[in-house]
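> Structure of the sequence below:
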Amino acid sequence: MADSMDDAGCCLLSVAWNVAPLAEAHPDSRRGSLRRRVVAACRTAGHGARDWAAAHGPGVEAEYRPFLQLADVAYEIATLLLLVEDFLVPDLEREHRRWAEIEELTVRFTELSEWTSSFLLSGAPLRL
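Now for the predicted structure:
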């Protein structure tokens, strides 16, 4: 169970490390761009959370929970990106459904990324 800012940082770094590398010929694709964004945000927030924990201690749930939520949403996005890449039988409807879910998660990912960034810059809890 993750119950500190340091744990949240480790979770984020683990997600960043485990996002599957691009297996496509077009690295500037929508998938590639989103994958790079997820990795960069998780690394930045993960290192920031660990540095914050070293300076301020474990933190309280209101402080580290958004970092854990960011890791969770990033993991979901990374998983769905794998599902839109590989099909035994191409299915455009299924791909559209998955992209719609990815887009919804991306909105939440952006909110959490902004919150964690603001938190780390201010050093004080912010309301999400």
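> going forward, measure contacts between C-alpha atoms and count neighbours the same way
Fine.
> all helices for this structure, in order.
With helices called from DSSP state H, the chain shows them at 5-18, 30-56, 61-85, 92-122.
> Okay, residue 33 and residue 39: tell me how far apart.
Per C-alpha to C-alpha, to the nearest Å, residue 33 is found 10 Å from residue 39.
> Please disregard the earlier target; I meant residue 66.
17 Å.
> returning to what we had before: looking at residue 33 and residue 39 now, which is surrounded by more residues?
Neighbour totals were compared for residue 33 and residue 39, and residue 39 leads with 22 against 12 (other C-alpha atoms under 10 Å).
> Now do the contacts for the more buried one.
Residue 39 makes contacts with 15-17, 19, as judged by C-alpha atoms under 8 Å, 6 or more residues apart in numbering.
> where in this structure is pLDDT low?
Counting by pLDDT under 70, the ranges of the chain that qualify are 22-27, 86, 123-128.
> Look up the closest residue to the most centrally placed residue in it, ignoring the ones flanking it.
Residue closest to the average C-alpha location in the chain (C-alpha atoms, centre = their mean): residue 74, at 2.8 Å. Spatially, and ignoring its direct neighbours in sequence, residue 74 is nearest to residue 38 (6.1 Å; C-alpha to C-alpha, 6 or more residues apart in numbering).
> gap between stretch 82-101 and the chain center?
21 Å (C-alpha atoms, centre = their mean, to the nearest Å).
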